[in-house]
Every structure is written in C-alpha cells, then in structure tokens.
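Peer 1: let me see the structure of the following:
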Amino acid sequence: MSGEPDAKKSRTDLEDKSTESEEVLKPLPAGWEKRMSRSNNKEYYLNVYTGRSQWDRPTRPAEEDTKLPDKVQCLHILVKHAGSRRPSSWRSENITRSKEDAEKILRGYEKELNSLDKVERKRRFKQIANEFSDCSSAKRNGDLGPFGRNKMQKAFEDASFKLTIDEMSGIVETDSGLHLIYRIA
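Peer 2: Sure thing, here's the model as predicted:
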C-alpha cells in the first residue's frame, strides 16, 4: 500500500513531462517569440504586436492590441539620484542626492503642475523640464520625440502608452531615476 501513491505519482509525473515535451516540440502560435529572462534564467513568451510578455507558453495566436497606439510622443522630467544607472547629467557631473530627495523634488513639481489648467500645465511642464531635468532632452523642453514599443525602459514605456494625450503620469521609477511623463501625441 505504501508504494501505491508513489507509483501513481510517478505515472502522473511521467504524463506531465510527456505533455510538456510535446508542447515544446510544437511551434509557437503566430505572433509569439520565446525569450530567456536574464534575471530569472527562465524562458518567457513575448507578444510581438503589443510587447507584452508572459511566463506561460501561449496556446493561441497573439492578438494585436488595436486600442493602443503604435507610437507616442512624450515630454518628461527626470530627476536622478545617487542610485541611478548613471548618476551624472548635463547639470551636474556627480549626482549625490538620495532617492528620497529626488522623490521630494518631483512631488513638488507634480503638486505645482496638478494645480494648473491643461494649457498652463503643459507650458510649465516644458519650462521645468528645460531648467531642471537631468536628461539631455531638457534642451528640447523634455521632448523625447515619437517612440514605439521596446524603445524605452519597460516602466517608462508602460506609463507612456497608458497616458492619453495631454495627460501627466505620477512618478515613474526606472534605472535612470525618477520621472514625470506628459504625453503630447
């Protein structure tokens, strides 16, 4: 009796492995690519139309997300901190502020901008970006130009594509630092 559950378990394990290997041999449904995660050392699947990824092997063709635009255009204000990927900018050779201080600075900008009407908010956003953003896009009032999917860091891209035109994000964190994003197209 004591061996029976083990026998059943190993039969089930074999069936699961058989099903998994059959799936691996089947080609992926249209619109999907298999990729390897560098952080988890695990395979994942990318929808080539939307740029969205998932861990589970897809069973149906990828669908295009027709509600989302192919490209967006955004302004942004970047405040770097000591933990940023490159803690330097056109404004400062060596950025030493803490992440908390960077967040306080952006919260101040966010509060000011949210108190303004749409027309004035956009004008002031450009002005703040021009004077204070740690990104080289500051010289263009924070304008990044049009960009499509898989061109920016994931958190930045996700926030940008979720915004409607003339909408501003909350604070978005990336390896580059902390951002406020304002979609213009």
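
Peer 1: what's in contact with the longest strand seen in the chain?
Peer 2: Longest strand of the chain, by residue count under DSSP state E: strand 71-79. Residues outside strand 71-79 that contact it (CB atoms under 8 Å, 6 or more residues apart in numbering) are 89, 102-103, 105-106, 109, 122, 125-126, 128-129, 132-135, 137, 141-148, 156, 160-161, 163, 176-185. For every residue, glycine as well, the C-beta is placed using N, CA and C.

Peer 1: only the buried subset of those, as a ChimeraX command please.
Peer 2: Applying 16 or more other CB atoms under 10 Å to the contacts of strand 71-79 leaves a buried subset, and the ChimeraX line that selects it is:
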select :89,102,103,105,106,109,122,125,126,128,129,132,133,134,135,137,141,142,143,144,147,156,160,161,163,176,177,178,179,180,181,182,183,184
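
Peer 1: in helices, which of the contacts of strand 71-79 fall?
Peer 2: 102-103, 105-106, 109, 122, 125-126, 128-129, 132, 156, 160-161 (DSSP state H).

Peer 1: reformat those residues as CSV; add distance to residue 72.
Peer 2: As requested, the ones in helices among the contacts of strand 71-79 are arranged in CSV below (distance: CB to CB, whole Å):
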residue, distance to residue 72
102, 24
103, 24
105, 25
106, 21
109, 21
122, 15
125, 15
126, 17
128, 20
129, 16
132, 23
156, 11
160, 5
161, 6
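
Peer 1: for residue 48, state which of those residues is nearest.
Peer 2: residue 161 (15.7 Å; CB to CB).

Peer 1: and the protein, what are its domain boundaries?
Peer 2: Using automatic domain parsing, the domain parsing of the chain gives 20-66, 71-183.

Peer 1: among these, which gets the worst mean confidence?
Peer 2: Here the lowest mean pLDDT among these goes to domain 20-66, at a mean of 80.

Peer 1: how far does it sit from its chain's centre?
Peer 2: Mean C-alpha position of domain 20-66 versus that of the full chain (CA atoms, centre = their mean, to the nearest Å) differs by 18 Å.

Peer 1: so who does residue 44 touch?
Peer 2: Residue 44 is in contact with 34-37, 53-55, counting by CB under 8 Å, 6+ apart.

Peer 1: go on, residue 176?
Peer 2: 78, 80, 84-86, 135, 153.

Peer 1: just among the residues you listed, which is most surrounded?
Peer 2: Among the contacts of residue 176, residue 78 has the most neighbours (other CB atoms under 10 Å), with 26 neighbours.

Peer 1: list the contacts of the closest residue to that residue other than its chain neighbours.
Peer 2: Leaving aside its sequence neighbours, residue 78 sits nearest to residue 135 (CB to CB, 6 or more residues apart in numbering; 4.1 Å). Shown in contact with residue 135 (CB under 8 Å, 6+ apart): 76, 78, 89, 129, 142, 176.

Peer 1: great, nothing more from me.
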